[in-house]
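# Quick one: sequence plus predicted model below, questions after.
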Amino acid sequence: MAEFIGAVDQGTTSTRFMIFDHGGNEIGRHQLEHEQILPRAGWVEHNPVEIWERTSAVLQSALNTTGLSSRDLAALGITNQRETAVVWDRRTGRPFYNAIVWQDTRTDRIAAALDRDGRGDVVRRKAGLPPATYFSAGKVQWILENVDGVREAAERGHAIFGNTDSWLMWNLTGGRDGGVHVTDVTNASRTMLMDLETLDWDDELLGFFGIPRQMLPEIKPSSSPDPYGLTRAAGPLSGEVALTGDLGDQQAATVGQVCFAPGEAKNTYGTGNFMLLNTGTELVRSKAGLLSTVCYRFGTEPAVYALEGSIAVTGSAVQWLRDQLGIISGAAQSESLARQVSDNGGVYFVPAFSGLFAPYWRSDARGAIVGLSRYNTNAHLARATLEAICYQSRDVAEAMAADSGVQLEVLKVDGGVTANELCMQIQADVLGVPVSRPVVAETTALGAAYAAGLAVGFWSSTDELRENWNEARRWVPRWTAEQRKTGYACWKKAVQRTLDWVDVG
């Protein structure tokens, strides 16, 4: 029997391939970044062909460096940046346009129009999502309306759509030569096109965006004993491996953090932040600005739902300090620079570059740095950037408590930013609860591996997966209640300064 599980983690800034053993330990990995294409203010795109090339390269490199082959993999899972929309030609395999990334705000007028005429309430009720630039449907509508020939190709069944999971699975299984066109319930739940109760594409929602049903992938479980497809022997794996796991990245991290019981929550710190609370098989509709979403569906079992707080800009704010401002040379330097000061010096940074996501949902907001005086230095800005990550997470935690009645007792964290120990200490201080990081911090890829492995019996149950989870580090709050109260009040004032900056028609 093959001794390992592979997982492709196709993220917003990079793609990695990781290999895990039965204990959930990392055996090998390779990772490559891809270009962030920014054609104009508010537009964010990726080249889907580059993403596929990067995926092929990391698959080959990880296997080469570990001395393994496709025969050593019991199954393959995929996890991906959600909501990022790709429309391509099933005849040629070529994209009609760049992938429009989840951060992109060009569809703000499409989203605003939904709310003006009442269709937004239907979207909320059926899809569990507020009309927002974040989700896939508006991006597909924009491509259909603005790229020559796509509407006609879609009507003829030639133009097909998927998030990046669908794009990769189509290519891995043969592309134009028999590639499968599928997605899972978690990715489908991020489009504004799937009914959360029926777990199927909804004709009324499709009509709102003018999207032909034949463009859409078939919706499958997140973990499927009946494989979505087999990798083609001529592809980067040089052999047939069963594709049996598919989860949107934040749902994958929830699985990787073994949050299988209602009331368990995790927070992933990446390009953005995403906090998910497992609500079990009950579909909880948010009244506090959160999203109702599918958490996962394993095989023929009922779907498990979650409340989610999505934050657009957290780790990417640190990238902004590096790439646009040039005040740090690498992400790790944000911690050493911020440690030069004991507090933020009165500076608050609200990185609303793509508007504000949960719990505000304000596409008219834009980034603001407030409270500046001549006393402040780049160290204060670095500290304020880390605090912004933590205050935005508190906004979501407050909304989660209001919706669910569950008070957070400990926050499980994962993702790249958790390597910043100062940021994690600030998170504990801002929330007033302990913060816990597992031994395997890259839980997104691990969750995809778990979903794939469960499907083929590599792991027997979720109870077995729980035994793999181990804590590596815990941070406990140090701030006084008064410090916490004052800091959060100032943060809320700063958020108000970002609103009504862009006119949304």
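Received it, and whenever you're ready, just let me know what you need.

# which residues does T186 contact?
Taking Cβ atoms under 8 Å, 6 or more residues apart in numbering as the criterion, T186 is in contact with R82, S222, D246, L247, G248, Q251, T293, V294, C295, Y296, R297. Every residue, glycine included, has its C-beta placed from N, CA and C.

# thought the second one was touching T244?
No. Using Cβ atoms under 8 Å, S222 makes no contact with T244, being 9.8 Å away.

# Break down the stretch 101-250 of the chain into its helices, ranges please.
Secondary structure of the stretch 101-250 of the chain (DSSP state H, counting those that start in this stretch): helices located at 108-116, 119-127, 136-146, 150-155, 164-172, 185-188, 203-209, 249-256.

# For the fifth one, which helices and strands make contact with it?
In this case it means helix 164-172. Counting contacts by 3 or more Cβ pairs under 8 Å, 6 or more residues apart in numbering; DSSP states H and E, helix 164-172 packs against strand 4-10, helix 48-66, strand 73-80, strand 85-89, strand 182-184, strand 242-248.

# phi, psi of Y134?
With angles defined as degrees, to the nearest 10, Y134 sits at phi -60, psi -40.

# From V180, how far off is it?
Here Y134 is placed at a distance of 27 Å from V180 (Cβ to Cβ, to the nearest Å).

# Out of the helices of the stretch 101-250 of the chain, flag the one nearest V49.
Closest approach to V49 among the helices of the stretch 101-250 of the chain (Cβ to Cβ): helix 164-172, 9.6 Å.

# Looks to me like A384 is in a helix.
Yes. Assessed with DSSP: H, G, I helix; E, B strand; the rest coil, A384 lies in a helix.

# which residues touch it?
N344, V347, Y348, F349, I369.

# quick one: which of these has the most company?
Within the contacts of A384, most neighbours by other Cβ atoms under 10 Å means F349, with 27 neighbours.

# so where's the stretch 401-505 of the chain shaky on pLDDT?
Where the stretch 401-505 of the chain drops to pLDDT under 70, the residues are 505.

# just the strands in the stretch 251-400 of the chain please.
According to DSSP state E, counting those that start in this stretch, the stretch 251-400 of the chain carries its strands in the segments 265-269, 273-280, 291-296, 304-311, 348-350, 368-370.

# Need the ones you listed in CSV (columns: distance to N378).
Output for these, formatted as CSV (distance: least, Cβ to Cβ, whole Å):
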stretch, distance to N378
strand 265-269, 22
strand 273-280, 23
strand 291-296, 35
strand 304-311, 24
strand 348-350, 12
strand 368-370, 12
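
# Let me know which of those is the nearest to A448.
Nearest of the strands of the stretch 251-400 of the chain (Cβ to Cβ): strand 291-296, 10.8 Å.

# Can you give the distance from that closest one to the centre of its chain?
Computed by Cα atoms, centre = their mean, to the nearest Å, the chain-centroid distance of strand 291-296 equals 12 Å.

# How about stretch 347-354?
Distance of stretch 347-354 from its chain centroid, counting by Cα atoms, centre = their mean, is 20 Å.

# Please apply the same query to stretch 335-342.
So, by Cα atoms, centre = their mean, the centroid of stretch 335-342 is 29 Å from its chain's centroid.

# from here on, count from 23
In the new numbering, first residue 23, that becomes stretch 357-364.

# Could you tell me the end-to-end distance of that stretch?
Stretch 357-364 has its terminal residues 12 Å apart, counting by Cα to Cα, to the nearest Å.

# which one is V123 nearest to, not counting chain neighbours?
Take V123 and drop its neighbours on the chain: the residue closest to it by Cβ to Cβ, 6 or more residues apart in numbering is V66, 4.1 Å away.

# Determine the number of other residues adjacent to the one you found.
Residues near V66, counting by other Cβ under 10 Å, number 22.

# what's the answer for G89, then?
G89 sits with 8 neighbouring residues when counted by other Cβ under 10 Å.

# Nearest to V123, out of the helices of the stretch 123-272 of the chain?
Evaluated over the helices of the stretch 123-272 of the chain, closeness to V123 peaks at helix 158-168, with 8.7 Å, by Cβ to Cβ.

# Take the closest one, keep the C-alpha atoms, and write them as CSV.
Output in CSV follows, covering the C-alpha atoms of helix 158-168 (Å, rounded to 0.1, in the frame of the first residue of the first chain):
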residue,chain,number,x,y,z
SER,A,158,-17.2,34.4,-8.1
ALA,A,159,-20.5,35.1,-9.9
GLY,A,160,-20.0,38.8,-10.5
LYS,A,161,-16.5,38.1,-11.9
VAL,A,162,-18.0,35.6,-14.4
GLN,A,163,-20.7,38.1,-15.4
TRP,A,164,-18.0,40.7,-16.0
ILE,A,165,-16.0,38.3,-18.3
LEU,A,166,-19.2,37.4,-20.2
GLU,A,167,-20.0,41.1,-20.7
ASN,A,168,-16.6,42.5,-21.4
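
# what inclination does it have with respect to strand 107-111?
Interaxial angle of helix 158-168 relative to strand 107-111 (axes from the mean of the first three to the mean of the last three Cα atoms, to 10 degrees): 40 degrees.

# Packing partners of helix 158-168?
With contacts defined as 3+ Cβ pairs under 8 Å, 6+ apart, helix 158-168 has these neighbours: strand 107-111, strand 121-122, helix 130-138, helix 172-177, strand 181-185, helix 225-231.

# partners of the fifth one in the sheet?
Here strand 181-185 is paired, per DSSP bridges, with strand 107-111 (antiparallel).

# Poorly predicted segments of the stretch 23-172 of the chain, please.
Within the stretch 23-172 of the chain, the segments meeting pLDDT under 70 span 23.

# rewinding a little: S244 and T266 - which one has more neighbours?
Neighbour count, other Cβ under 10 Å: between S244 and T266, S244 has more, with 32 against 29.

# ok, back up a step: any chance of the contacts of T208 in TSV, plus distance to L430?
Listed next are the contacts of T208 as TSV, based on distance: Cβ to Cβ, whole Å:
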residue	distance to L430
R104	24
S244	25
D268	29
L269	23
G270	23
Q273	19
T315	19
V316	22
C317	17
Y318	21
R319	26
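
# Which members of these are classed as buried?
The neighbour-count test (16 or more other Cβ atoms under 10 Å) marks R104, S244, D268, L269, G270, Q273, T315, V316, C317, Y318, R319 as buried among those.

# pLDDT score assigned to the fourth one?
This points to L269. Note on L269: pLDDT of 97.

# Same question for the one 5 residues further on.
For A274, the pLDDT comes out at 96.

# and if you look at A421?
Reading off the model, A421 has pLDDT 93.

# Hmm, it is touching L312, no?
Yes. Contact criterion Cβ under 8 Å: A421 and L312 qualify, at 5.3 Å.
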